[in-house]
Structure formats: C-alpha cells, structure tokens
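> got a sequence here, can you model it:
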Amino acid sequence: MYVNDISTGVSSTVKLYTDDNKLYREIESIPDDTDVLQSDLFRLTEWCKTWHLKFNPNKCETMRTHKQDTSKESFTLDPNGEVLKSVKSIKALGITISYDLSWSDHIHDVVNKANRVLGVIERSGQSWSMLLQFGALS
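The predicted structure is shown next:
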C-alpha cells in the first residue's frame, strides 16, 4: 500500500516509517494550534476511510514535550469522538522519548533489556568464556 499522500492537506508535520506514523506540531497558542491538530486528525481519519482502512484510536497516543510545568494548560484530541490516551513517554524507532526530553526512561529501558538478556545467558548454564570463545557475543 502506498501512503505517500497521507499528509496531503495536513498542516502539522507528519513522519512515516513502515506502519508507524507520527503527527506533531509546536503548540504556541493552545486554542489555535490544538484546533489545527484536531483538523489534521480528522483529515487522517478521512484518508483512512478513503482507503477503506480503520483508524484505531486505541493504538494512538498523545504526548506533550516540555521543560517547564504546563500542567494547568491542557487539551484533548479526539479523531472519532474518542479521546486519545495521553502518555508520559513514547517509543520511536527503539528510543524512549519522555515528556521532559530526559534520557532517564530510555536508559532504564536499555538496562532492563540488558539484564533480561544476561538472565537468559545465566539460566542457559553457559559460561561467559565459552560464549566469547564461540563468538556468540561478538
């Protein structure tokens, strides 16, 4: 399927990677920019209808990135009358991006994954020297 036209008529930035799409926009004015984002979401749902695809809001998330506390300023996005889930971090191409743009969530995820691999190796009964000798870890 070709998705080159998915961003036609969309004002916000759209990034495509295989079956993953990211729609984002800098919010300078909450009423104005969120209206644009909402319109862009409606355009994407219309694109899905045109191509006989189902827009699944359960697989969509929203995240606001910011350095300062903006908890008093809030907004919701709802492409089909269903409010999209708001999250504190997302995973994009294997990198965990947190709302405050810190690396702590990503480092935590990488360390946890390394510990799981280490646990598998230890439970396999193989010694490190044997694995290195056969090039399993190189």
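
> who is the residue nearest in space to the middle of the chain paired with across the strands?
Nearest to the mean C-alpha position of the chain, counting by C-alpha atoms, centre = their mean, stands residue 90 at 4.2 Å. In this structure, residue 90 has the following beta-bridge partners (DSSP bridges): residue 97.

> tell me the contacts of it?
With contact set as C-beta atoms under 8 Å, 6 or more residues apart in numbering, residue 90 has these partners: 61, 63, 96-97. Every C-beta, even on glycine, is put in place using the N, C-alpha and C of the backbone.

> ok, of those, which one's closest to residue 106?
residue 96 (4.0 Å; C-beta to C-beta).

> which residue packs closest to that closest one, ignoring adjacent ones?
Closest residue in space to residue 96, ignoring its immediate chain neighbours: residue 106 at 4.0 Å, by C-beta to C-beta, 6 or more residues apart in numbering.

> for the helix or strand hosting residue 31, name the packing helices and strands.
Using DSSP states H and E, residue 31 sits within helix 30-50. In terms of contacts (3 or more C-beta pairs under 8 Å, 6 or more residues apart in numbering; DSSP states H and E), helix 30-50 is packed against strand 20-24.

> list the neighbouring strands of the strand it packs on plus their orientation.
Within its sheet, and counting by DSSP bridges, strand 20-24 is paired with strand 13-17 (antiparallel).
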